[in-house]
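Participant: Fold the following, please.
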Amino acid sequence: MNAKEKTETPIHVVLSVYDPEGTYSRHAGVVMASVFERAKSPVCVHILHDETLTELNRSLLCETAEFFSQAVSFHDVSAFIKRLDDATITSAQKCGLSAGTLFRLAITDILTLDKIIYLDCDIVVNMDIQELWDIPLDNFSCAGVLESPRGRFSATAIRMRLMGCNPVEYINAGVLLMNIPRMREKLGADQVLQWFRRYRYCIKYQDQDLINSCFRGEIKILEGRFNNHYANRNEGFRGDINSPGVADSILHASTKKPWESPKGSAVDCLYWRAFLKTPWGRLPREELIDLVIDIFQKSPFTHRRTSQCFRKIAVTLRNEFLRNYVFTMAGLFGKYLRQKAEGLFYVTPAGIPKPGDRVLWVRFVAFGDIIEHLADAHNFKKRFPEVHLTFLCYPEYEEFVRTQPYIDDVITGGKNPLAELRRTAQKIKAGRYRWLVNTHRGGKSSAITILSQTERRIGTAGLFFLKKIYNASSNLWSRQCDVDIHDRSLPAIFVSAEERASGLSLLAGLPEPRLFAAIGAGSAWKMWPAEQWIEFLRPLVSKGWSVVLNGHGAEEEAMARQIESALDSGNVLNLAGALDFKKMPGVVCHCTLALGNDTGPTHLAALCGVPTMGLFNYPAKDAALELLNVPWFRYLRAKDHVARAARGFPLKRLPADTVIKAFDAFTAEFLPRAFEWRDKK
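Facilitator: Numbers count the residues shown, from 1 in each chain. Purely as a prediction, here's the structure:
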């Protein structure tokens, strides 16, 4: 920390600096100068940064603080950001934001203060920051200024509602007064990651959306002068810095930045005045001239030819109107209408399950789907522990499903041939179930539902006229029951002491760390070829890792033998074809990490609490939506790493080097915490 000694308690201000090009740090310096110049009390600025902050820019920020006899400290948030997945960071960049916008989510994880002021780096402070600091937060988690008003049925308002935000109380996060102890309860890395995965299709402003969603009803609304994000829209040739709304205000360049497109607004004037009081503003005259010329060349308001003007108008129309409004509005409004229209297709059930009610959960196949729907049933049973919960599946899964303590009974059946379908319906009818939860959408499962004559039927169907046989969809019913059946914050697959002992005996002599490799899949397009597995596993084994190969069926057993032979190591255990569904959890729970295709054993490993990395062909939302809610799960999508010409089976073209690099990052994140989750049930 660099500062002269101050006897007063300082005001704590936090800034985020993500500077891959080395040019963004100067904007943080401008914010610091504008705060220090008008502050009558000591101020300590905390800089959140990653490895992109250079030593030169760090020293210039320190020089800015020393010039005003104030303090600055630096906090590296790289470790926190690495705990977020690549999809979260990429989604920020796709929205036109930098990864730095996520830095403020690390505040509660890094700072031990009780109260701070957060400022974006496109802010200019034209007041004594003490006025904002002295505002009491009382029982509020944070305070901010309302975002610009939205129409009730605008695309933005609909998007906000889908995330659980209140459009009327939605604040801009560029200026925040934060109650750190209260916000820490909801801003842990795992909670942040789970929120981003749940609302990934609605998010536009990343951490701003998260804060408004998570702290709805806990946000204090401030006067507009504490975050005036309209001042930079002044179209006058020269903005008046003493005009109402500018004097004694915090000005936010939320649209056009002073360093990108200066047009003479009040924000522009204040920014460049503050810039000249920073070390960057004391550059040689020639360098300052080059900087100004470069800025005006990049400005959208500067063009040499009329054709350039028309092109810029066309780009603006496409980006601002069609992409951000028309298409977004149609998609979000369609989703909003689908949710509201559920009542048109379903008859809402009267009430929720009561103690003693008999509930049947139906999922015939496949193993990965069985795993995921057991997790759904687990969440349901936690909410209604006094109901009698029965699970219906194919006979080959019966023994495994019976091992789960939250399942009270298991019955088996099938949909083919027709005689088996009728027998299954008779079994259900004989069981006298009051509730039937059908997780299939096909006509045959709907026929079983009709023939069972169950009183309350939960589910849906691909054909709209079949939806009338159900009282509600599973999503609608879970909301009515106040239970999130898709919650994956805790492991849902239990392993008995007997199964653990059996699994450990199979792994006897196999040193740690152990990797559970699920090399198979239900179809060829989901499988990563043996050659790539060999290339990936060979350096891993040379580093001392043990590998457990898992697969089923003749093709996968042959593939496992090929891998085992090529690696030629005593640390490779080939269990392909040797593990049934009941024995598999006992082996998985003793492995350090897991890696696999989109297959049942990969789902099993993740829901046993083993940190797991998945290899997917296409977007994970198509392959394994529920896995995205697991905090200790990460995935690599082949589509992102294979040329667009590679249609059909991009996973087969996914190079081992790419997987090795992703797995190294995955190992760095989870190897120290490998056994943290598996006993949290």
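
Participant: make it CA atoms for all contacts and neighbour counts henceforth
Facilitator: Will do.

Participant: Not counting sequence-adjacent ones, nearest residue to Val364?
Facilitator: Just so we're on the same page, residue 364 is Phe rather than Val. Excluding the flanking residues, the one nearest Phe364 by Cα to Cα, 6 or more residues apart in numbering is Cys393, at 4.0 Å.

Participant: Trp477 belongs to a strand, doesn't it?
Facilitator: No: assigned with DSSP: H, G, I helix; E, B strand; the rest coil, Trp477 falls outside any strand and is helix.

Participant: Neighbours of Leu113, how many?
Facilitator: By the measure other Cα atoms under 10 Å, the count of residues near Leu113 is 12.

Participant: and what of Glu131?
Facilitator: 11.

Participant: Please give me every residue in contact with the residue nearest to Phe364.
Facilitator: By Cα atoms under 8 Å, 6 or more residues apart in numbering, the residues touching Cys393 are 362-365, 410-414.

Participant: for the residues you listed, which one is nearest Phe666?
Facilitator: Val365 (30.5 Å; Cα to Cα).

Participant: Neighbours of the closest one, how many?
Facilitator: Neighbour tally, Val365, other Cα under 10 Å: 16.

Participant: could we number from 9 for the rest of this?
Facilitator: Sounds good: first residue 9 from here, last item Val373.

Participant: Looks like it contacts Tyr402 (just checking).
Facilitator: Yes: between Val373 and Tyr402 there is a contact under Cα atoms under 8 Å: 6.6 Å.

Participant: ok, residues contacting stretch 662-677?
Facilitator: 90-91, 536, 540-541, 543-544, 621, 642, 644, 646, 649-650.

Participant: Only whichever of the residues you listed are buried, select them in PyMOL.
Facilitator: The following PyMOL line selects those of these that are buried, judged by 16 or more other Cα atoms under 10 Å:
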select buried, resi 91+536+540+541+543+544+621+642+644+646+650
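
Participant: Let's have the contacts of stretch 662-677 in JSON lines, adding secondary structure.
Facilitator: JSON lines is the format used below for the contacts of stretch 662-677 (three-state DSSP):
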{"residue": "Lys90", "secondary structure": "helix"}
{"residue": "Arg91", "secondary structure": "coil"}
{"residue": "Trp536", "secondary structure": "coil"}
{"residue": "Gln540", "secondary structure": "helix"}
{"residue": "Trp541", "secondary structure": "helix"}
{"residue": "Glu543", "secondary structure": "helix"}
{"residue": "Phe544", "secondary structure": "helix"}
{"residue": "Met621", "secondary structure": "strand"}
{"residue": "Arg642", "secondary structure": "strand"}
{"residue": "Leu644", "secondary structure": "strand"}
{"residue": "Ala646", "secondary structure": "helix"}
{"residue": "His649", "secondary structure": "coil"}
{"residue": "Val650", "secondary structure": "coil"}
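
Participant: what would the contacts of stretch 662-677 look like in JSON lines with distance to Arg464?
Facilitator: Below are the contacts of stretch 662-677 laid out as JSON lines (distance: Cα to Cα, whole Å):
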{"residue": "Lys90", "distance to Arg464": "46"}
{"residue": "Arg91", "distance to Arg464": "43"}
{"residue": "Trp536", "distance to Arg464": "43"}
{"residue": "Gln540", "distance to Arg464": "50"}
{"residue": "Trp541", "distance to Arg464": "48"}
{"residue": "Glu543", "distance to Arg464": "53"}
{"residue": "Phe544", "distance to Arg464": "50"}
{"residue": "Met621", "distance to Arg464": "39"}
{"residue": "Arg642", "distance to Arg464": "38"}
{"residue": "Leu644", "distance to Arg464": "41"}
{"residue": "Ala646", "distance to Arg464": "42"}
{"residue": "His649", "distance to Arg464": "47"}
{"residue": "Val650", "distance to Arg464": "48"}
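
Participant: and which of the contacts of stretch 662-677 is nearest Arg430?
Facilitator: For the contacts of stretch 662-677, the nearest to Arg430 is Trp536 (39.7 Å; Cα to Cα).

Participant: ok, now how distant is the closest one from Phe671?
Facilitator: 15 Å (Cα to Cα, to the nearest Å).

Participant: For the stretch 59-208 of the chain, which segments are assigned as strands?
Facilitator: Assigned by DSSP state E, counting those that start in this stretch, the strands in the stretch 59-208 of the chain fall at 79-84, 123-127, 131-134, 150-154, 179-187.

Participant: Please tabulate the ones you listed in a markdown table, including the columns mean pLDDT and distance to Thr607.
Facilitator: Formatted as a markdown table, the strands of the stretch 59-208 of the chain follow (pLDDT from 0 to 100; distance: least, Cα to Cα, whole Å):
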| stretch | mean pLDDT | distance to Thr607 |
| --- | --- | --- |
| strand 79-84 | 94 | 38 |
| strand 123-127 | 95 | 44 |
| strand 131-134 | 92 | 49 |
| strand 150-154 | 92 | 43 |
| strand 179-187 | 93 | 41 |
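
Participant: Quick check: which of these is buried the most?
Facilitator: Counting by mean count of other Cα atoms under 10 Å, strand 131-134 has the highest mean neighbour count of those, with a mean of 28.

Participant: And this structure, what are its domain boundaries?
Facilitator: Domains of the chain are assigned by automatic domain parsing as 19-260, 314-348, 366-488, 505-681.

Participant: need these in a markdown table with distance to Asp495, can you?
Facilitator: Listed next are the domains of the chain as a markdown table, based on distance: least, Cα to Cα, whole Å:
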| stretch | distance to Asp495 |
| --- | --- |
| domain 19-260 | 9 |
| domain 314-348 | 20 |
| domain 366-488 | 7 |
| domain 505-681 | 7 |
